[in-house]
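Chemist: below are the sequence and a predicted model for it; my questions follow.
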Amino acid sequence: MTATAYTNARLLDFEREALTAPTTVTTDGDTIASIGQAAPANAEIIDLGGQTLMPGLIDSHFHVVAHTLNLWSNAIAPDSLAAFRAGAVMEELLTRGFTTVRDLGGADLGLVRAVEDGYIDGPNLVICGKGLSMTGGHTDLRERTDIRPDALGWRLGNMGILVDGVDNVRATCRKMLKEGAKFIKVMANGGVSSPNDPIDSIQYSDAEILAMVEEAKNANTYVAAHVYHDAAIRRCVDLGVHSLEHCNLITPETARRAADAGCIAVPTLVAYEGLKLEGAALGLGHAEQAKIDVVRDRGLESLAIMRDAGLSMAFGTDLLGQLRKYGGMEFDLLAKVLTPAQIIRSATEVGARLCGLEGKAGTIKQGARADMIVVNADPFADVTILGKPQTHITRVIKSGRTVRERAHPKGGHL
Ligand code: ZN
Ligand code: ZN
């Protein structure tokens, strides 16, 4: 294994909420070997010239198979085409500095392995298989008059699978865990990008969600739930769900309950900004458009409620299809309420906890994966630079290898 020493690197100091003095970080193969020690004699030296070296970013809510906003079109695509499309989406994510991505429905073990084996030049993928949805639930994309069975469920381009009943739910969880799922995703509440489920509809019975929670716990993992409405969030917390996606309509009391239970929330505010800006033009139906404002208007307020309750938050975008281009805007939205340090942690350390990679990803320390980015500015001073990769992320390092490199704006190619 070859050693690489990144010299003149300023690291994140969360205690001071400032950058450290320039130092040296050495990687050995795909692992961080040392910090603050002189470069070994045989190491390749990369002088970062005082730039920031920080952990690779983690998006904790994404769907890499959502190539277009037309979810039917994704679902009906042949698996081989869906895989190539997902590969392109993943390569784009890596370019934006995301070295780990938690997929909340759609991706399979094939995509995980394609990254590991070098066929896709993308982020490490942490998958849940398909999101579980009841008939008429959030991933039931059929129109009311469409009585065909859910024949597309296991297609790679589909984000969810329709499953009803405790026994079927258990069998599906077991199948997905056996096939590489690292957690279970449930649609426990109505959603925006689906035609027949109002935002305030509660989805699945308590018994079905308890069965998912039990199956996940037995496999030493957790359930993540799609939830907007306060009643739906509270029910999921009480049933043992750990990861609370979106949470736009959460109340202070429920946020405290979730914090006490050790839950992690994943707000995805930019998803609604993107849908508001372009959803109609990109083919989102009238029923879906009408639901956007309900969740969008309360987004920033939910951040303050969760922060004040001490509820941990992980960074997520949930941008579907062509709306991916707005990914950087999530940093701008979060910065209206949270501090840079809180936002950086959400996109590194907290995300790593949800990915089951605590201490391995989202951190620069000895023994962690050498997944890092080089930034030509101070994210404690302006965290929104992390959403502007073209001008501010000059190098992406994954598994100890430079996978993206941009000219340093101050002159010269690093
Ligand atoms: Zn969702
Ligand atoms: Zn989602």
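Modeler: Happy to help now that I have it. Numbers count the residues shown, from 1 in each chain. Ligands and ions are numbered 1, 2, ... in the order given.
Chemist: can you pull out the strands in the stretch 251-400 of the chain?
Modeler: All strands of the stretch 251-400 of the chain, identified by DSSP state E, counting those that start in this stretch, fall at 264-266, 312-313, 372-375, 393-398.
Chemist: and the contacts of the last one?
Modeler: Yep, that's strand 393-398 we're talking about. Applying C-beta atoms under 8 Å, 6 or more residues apart in numbering, the external contacts of strand 393-398 come out as 27, 51, 56, 94-97, 99, 123-124, 370-376, 386, 402-408, 414. From N, CA and C alone the C-beta is placed, and that goes for glycine too.
Chemist: circling back: so for ligand 2, which of the strands of the stretch 251-400 of the chain sits nearest?
Modeler: Ligand 2 lies closest, by C-beta to the ion, to one member of the strands of the stretch 251-400 of the chain: strand 264-266, at 9.1 Å.
Chemist: give me the distance between the residue in the stretch 201-350 of the chain that ligand 2 sits nearest to and R144.
Modeler: Residue nearest to ligand 2 within the stretch 201-350 of the chain: D318 (4.2 Å; C-beta to the ion). Distance, D318 to R144, by C-beta to C-beta, to the nearest Å: 25 Å.
Chemist: who has more neighbours out of these two?
Modeler: D318 (27 against 8; other C-beta atoms under 10 Å).
Chemist: test my guess that the residue of the stretch 201-350 of the chain closest to ligand 2 contacts V64.
Modeler: No: D318 is beyond contact range of V64, at 11.8 Å (criterion: C-beta atoms under 8 Å).
Chemist: can you select the buried ones from the contacts of strand 393-398 in ChimeraX?
Modeler: For the buried members of the contacts of strand 393-398, the matching ChimeraX selection, counting by 16 or more other C-beta atoms under 10 Å, is:
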select :27,51,56,94,95,96,97,99,123,124,370,371,372,373,374,375,376,386,403,404,406,408,414
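Chemist: where do the strands of the stretch 101-250 of the chain begin and end?
Modeler: 124-126, 131-133, 160-162, 184-187, 223-229, 243-249.
Chemist: what angle sits between the last one and strand 223-229?
Modeler: Using axes from the mean of the first three to the mean of the last three C-alpha atoms, to 10 degrees, the direction of strand 243-249 lies 0 degrees away from that of strand 223-229.
Chemist: then strand 243-249 to PDB, C-alphas only?
Modeler: What follows is strand 243-249, C-alpha atoms only, in PDB (Å, rounded to 0.1, in the frame of the first residue of the first chain):
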ATOM      1  CA  SER A 243     -34.500   7.600  11.800                       C
ATOM      2  CA  LEU A 244     -37.200  10.300  11.100                       C
ATOM      3  CA  GLU A 245     -37.100  11.500   7.500                       C
ATOM      4  CA  HIS A 246     -38.400  15.100   6.700                       C
ATOM      5  CA  CYS A 247     -40.300  16.000   9.900                       C
ATOM      6  CA  ASN A 248     -41.600  19.300   8.500                       C
ATOM      7  CA  LEU A 249     -44.700  19.500  10.700                       C
END
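Chemist: any idea which element S34 lies in?
Modeler: Assigned by DSSP states H and E, S34 belongs to strand 31-35.
Chemist: pull the residues that contact that strand.
Modeler: For strand 31-35, contacts defined as C-beta under 8 Å, 6+ apart pick out 3, 11, 23-27, 364-370, 400.
Chemist: also stretch 108-115?
Modeler: Here stretch 108-115 makes contact (C-beta under 8 Å, 6+ apart) with 64, 83, 86-87, 90, 103, 120, 122-125, 127, 129, 156, 179-180.
Chemist: nearest to ligand 2 among the residues you listed?
Modeler: Of these, the one sitting nearest to ligand 2 (C-beta to the ion) turns out to be D103, at 9.2 Å.
Chemist: next up, the contacts around that closest one.
Modeler: D103 touches F62, H63, V64, V65, L111, L125, V126, I127, C128, counting by C-beta under 8 Å, 6+ apart.
Chemist: picking up where we left off before, can I get the buried part of the contacts of strand 31-35 as one ChimeraX selection?
Modeler: Per 16+ other C-beta under 10 Å, the buried members of these correspond to this ChimeraX selection:
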select :3,11,24,25,26,27,364,368,369,370,400
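Chemist: separation between A231 and A188?
Modeler: For A231, the distance to A188 (C-beta to C-beta) stands at 11 Å.
Chemist: any common contacting residues for these two?
Modeler: I202.
Chemist: neighbour count for those two, which is higher?
Modeler: With neighbours defined as other C-beta under 10 Å, A231 and A188 compare such that A188 has more, 32 against 14.
Chemist: got the confidence number for the more buried one?
Modeler: A188 carries a pLDDT score of 98 in this model.
Chemist: confirm for me that it is in contact with D238.
Modeler: No: assessed by C-beta under 8 Å, A188 is found out of contact with D238, at 11.7 Å.
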